[in-house]
Every structure is written in C-alpha cells, then in structure tokens.
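Peer 1: quick one, fold the following:
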Amino acid sequence: MTKSERPKLELPVSQAEIICHIFSVIMLGATFWIVWLYYHQLPDKIVTHFDLSGKADNFGPKPTLLLILVLDVVSYAVLTILSRFPHTFNYLRPITEANAPRQYHLARKFLGIISLEVTGLMFFVIWSIIQVTLDQTQRVDASSILTLTVLLFISAGFYMYRSKRADPEPKKYSEL
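Peer 2: Residues are numbered from 1 along each chain as shown. Model (predicted):
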C-alpha cells in the first residue's frame, strides 16, 4: 500500500498527546518569559556557542536569542501540524487498515514527546546562554545538554521498539 492509499483516519487525541502539548506550551511560555525578563539586561554581544566542555567559545549579536526563540516556536508548530497527518509518515512496517490506528497513535504520541523534549532543550540552551552571558556561571553543564540530547535518541529507539512490537509481522505461509 502506497502512502497515498493509506487510510486517512480521524483519530481522537490521546491523553498522552494532550499532556505532551500542555507541557510543551508551558516550556514555550517559560522560554518567552526568561527572554522577556533578561533581554534588556544582556549586552549587545551574547554567547552563541559552547565547546564540548561547556565553555563559551563564540559570541554574536543579542537578537540571536530571539532567533533561537523563533526557531523553538516554529519547531513546535511544525511538529504539531505534522502530527495531524500520520498517514504521510514513514513506518517500520507496512500500514494496513488493521494496524493503521495503532501505528498512527504511536507516531502522534512520539511527535508529542519529541516536541516536549525539543522545547525543553531549547529552554535549557536559552537559559544557559543568558546565565553565561550575564556571568552567573562560567560554563554550561555539558553533561546536561548531552543528557537532554541522548533523551531524544532514547525516545526514538523506544518508539521504534513499540512500533515494531505493536504490529508483529504476519506469519509466512510456510510457518503456518
């Protein structure tokens, strides 16, 4: 079945999806709040990059912080819009009428989790930029950024595991 032939289902939004969206919006709100709170205190040049040890190694104009904030909002919006079209995604297994509802729900939940993780990561990045720029700390805790990034990969692996397990391969004729 090609992508264009896949069933287009009107599935209800799950409680997990709602929770992910609520917390993503909270993270976006918190990110807006810290930018609004600290922006006027920041110098014209802010930290724009950290090396692997978490030490600032590049600086740029203050509006870079606003660009990161816009990218955060855009990534949330794109993931939210994409989650409405699960029939267009690539899946580990062929999509059929029988497995479409389960696979679509898993994919939408995965996008909600990724959205939450990305908004959390962006909050941490912006908070770190502000703190290091204002000399509140000398460096960013690189292990925190690494942990947040690894979480994205763990989520992807968990989604793939659940997706494959939710729809076992049909038995071959010779196995019956």
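Peer 1: need the strands for this protein, in chain order.
Peer 2: Assigned by DSSP state E, the chain shows strands spanning 45-50, 56-61.
Peer 1: please identify the most buried of the ones you listed.
Peer 2: Highest mean neighbour count among the strands of the chain (mean count of other Cβ atoms under 10 Å): strand 45-50, with a mean of 17. For the C-beta atoms, the positions are set from N, CA and C on the backbone; glycine is no exception.
Peer 1: quick one: the helices in this structure?
Peer 2: 15-38, 64-82, 100-133, 142-166 (DSSP state H).
Peer 1: any weak-confidence spans in the protein?
Peer 2: 1-4, 167-176 (pLDDT under 70).
Peer 1: among the helices of the chain, which is nearest residue 89?
Peer 2: helix 100-133 (5.4 Å; Cβ to Cβ).
Peer 1: can you give me the buried ones in that closest one?
Peer 2: 100, 103-133 (16 or more other Cβ atoms under 10 Å).
Peer 1: what's the angle from it to helix 15-38?
Peer 2: Inter-element angle recorded for helix 100-133 and helix 15-38: 20 degrees (by axes from the mean of the first three to the mean of the last three Cα atoms, to 10 degrees).
Peer 1: which other helices and strands does helix 100-133 contact?
Peer 2: Here helix 100-133 touches helix 15-38, strand 45-50, helix 64-82, helix 142-166, going by 3 or more Cβ pairs under 8 Å, 6 or more residues apart in numbering; DSSP states H and E.
Peer 1: next, the angle from it to strand 56-61.
Peer 2: Using the same axes, to 10 degrees: helix 100-133 against strand 56-61 is 90 degrees.
Peer 1: now the angle from helix 100-133 to helix 142-166?
Peer 2: Going by the same axes, to 10 degrees, helix 100-133 makes 180 degrees with helix 142-166.
Peer 1: chain center to helix 100-133: distance?
Peer 2: Remark: helix 100-133 is offset 3 Å from the chain centroid, using Cα atoms, centre = their mean, to the nearest Å.
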